[in-house]
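[1] I need the structure of the sequence given here:
(one chain, ligands or ions: 1)
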Amino acid sequence: MDFRLNDELRAIRDMARDFAEREIAPYADRWEKEHYFPREVVTKMAGLGFYGTLVPEEYGGNGMGFLAGTIITEEIARASASLRVTFNMQTFGPALSIFRYGTEEQKKKYIPKLVSTEMIGCFAITEPNAGSDIMSMKTTAVPQGDCFLVNGTKTWISNAQIADLCVLYAYHDPSAGSRGLSTFLLDMHLPGISTRPLDKMGLLSAPTGEIILEDVKVPRDALLGSPGDGVKYVFASLNQTRLSCAAGGLGIAQACLDASVKYCNERVQFGQQIGQYQMNQDMIAVMATELEAARFLVYRAAVQKDEGNLGNVLETSMAKYYAGEVAGKAADFALRIYSAYGYSTEYPVARYYRDAKSIQIVEGTANIQKTIIALDQLGYRKANR
Ligand code: GRA
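    Presented below is the predicted three-dimensional model:
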């Protein structure tokens, strides 16, 4: 067991941190206010290889691995939690699913364009009545002639309104239970697809929307992997995107700690810096310790994946659950330390507070992660596959 990052990973972390501090942090609050998705910055990140970590060179990636991808996500989230979402939409979700299950033709067609961000990706699981309960989704993709006829509504889809490619989960045979679920590489520019933007509390620079699918004719070769394997792919994909989401939680918590330390050393009340007060020291100590504990959980899950264990659902769920809680608490503490200035939009702390809540909700809520962990511990359902 070695707790130190090697030289290569330290260099990647420093590069991502430097990029985030120069190109993202100074503008993040303005972008949020304007609900602006800075695609030009995303393109720059692609130029640095940030979206190629899980993909080998032959498909335009750099194969640096899960821990590298995790560290990059963390550093970007520290400056803007909205921009951490792009890692799941390009790499941890679509590119990795296509790499694992796609045909050679599909890999060549899509992966290099996702890595370079020439194509913006998304994945569509959630529906108005299928949130935590994935399997109750209603979208169908029924075989018809040389196509699948797709109908349904997906909601809370990151990138819905800007995506070129969507990894869509839908029932090709609604009567076949979980064996009726399949996965499709949906060209978002096909006739019959419309989108509607959704407003939300935070992550305002990350577009979110509904996708409405009305008699969309999807060609047969858009099927990913085998028909009926959708259930396997959707849970396997969530087990990778949850890692990147957890890394986002680390970034937010680190931003909260950084901001709190700075303010504790600046702000003077009752004749001394507020960092001199033990009640603030308590919060700083708890934030620093819990963040470090969360980081070890997240990095361990990433290292396991780099060792080939992509079915580490238990450890990934623990990492996602705990990183979400730590981000939420760190944001709460930062707001207490900043008080009225934390509540104002003059400082980024209010943004951290809004964004931290998202980590407890997306990619499976905190309660879903706890359910997965508890069922495993109680011996009711083994988490790791
Ligand atoms: O036996 P079977 O053939 O019927 O299959 C079952 C099971 O074996 C079926 O799924 C299979 N399965 C798996 N297969 C491979 C279950 N887990 C796995 C796995 N890890 N790998 C149904 O299983 P079940 O046990 O009966 O499941 P369930 O009781 O229906 O639900 C389980 C559970 C609650 C854990 C699940 O539904 C779940 O994880 N729900 C959370 C939904 C979620 O995470 N949504 C995220 C939406 S995407 C998103 O938020 C994007 C945000 C973007 C961003 O910001 O990053």
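
[2] helices and strands around the helix or strand harbouring Thr195, which ones?
    For Thr195, the host element (DSSP states H and E) is strand 193-197. Strand 193-197 is packed against strand 208-219, with contacts defined by 3 or more CB pairs under 8 Å, 6 or more residues apart in numbering; DSSP states H and E. C-beta: built from backbone N, CA, C; applies to glycine.

[3] how about the strand it packs on and the ligand, touching?
    No. Taking CB under 6 Å from any ligand atom as the criterion, strand 208-219 and the ligand are apart, separated by no less than 8.7 Å.

[4] strands paired with that strand, and their directions?
    strand 147-158 (antiparallel), strand 193-197 (antiparallel) (DSSP bridges).

[5] ok, back up a step: neighbouring contacts of the strand holding Thr195?
    Strand 193-197 is contacted from outside by 160-161, 186, 207-214, 216, using CB atoms under 8 Å, 6 or more residues apart in numbering.

[6] tell me the buried residues within these.
    Neighbour counting over the contacts of strand 193-197 (16 or more other CB atoms under 10 Å) leaves 160-161, 186, 207-213, 216 as the buried ones.

[7] gap between Lys357 and the ligand?
    Going from Lys357 to the ligand by CB to the nearest ligand atom, to the nearest Å gives 12 Å.

[8] could you do Asn129 as well?
    According to CB to the nearest ligand atom, Asn129 and the ligand sit 13 Å apart.

[9] counting neighbours, what do you get for that residue?
    For Asn129, the count of nearby residues is 11 (other CB atoms under 10 Å).

[10] tell me the contacts of it?
    136, 138.

[11] for the most centrally placed residue in the chain, what are its contacts?
    In the chain, the centroid-proximal residue (CA atoms, centre = their mean) is Cys245; its distance is 3.8 Å. When contacts are counted by CB under 8 Å, 6+ apart, Cys245 is found next to 84, 88, 320, 323, 359, 362-363.

[12] how about 6 Å then?
    Contact analysis of Cys245 by CB atoms under 6 Å, 6 or more residues apart in numbering lists 320, 363.

[13] and whatever helix or strand it lives in, which residues are buried?
    In the assignment (DSSP H and E), Cys245 maps to helix 230-266. In terms of neighbour count (16+ other CB under 10 Å), helix 230-266 has its buried residues at 230-234, 236-257, 259-261, 263-264.

[14] ok, which of those residues also contact the ligand?
    For the ligand, the contacts drawn from the buried residues of helix 230-266 by CB under 6 Å from any ligand atom are 231-232, 236, 238-239, 241, 245.

[15] between the residues you listed, which sits nearest Met15?
    Closest to Met15 out of those is Cys245 (22.0 Å), distances taken as CB to CB.

[16] can you read off the pLDDT for the closest residue to the ligand within the stretch 201-350 of the chain?
    Closest residue of the stretch 201-350 of the chain to the ligand, CB to the nearest ligand atom: Phe235 (3.2 Å). We have a pLDDT of 97 for Phe235.
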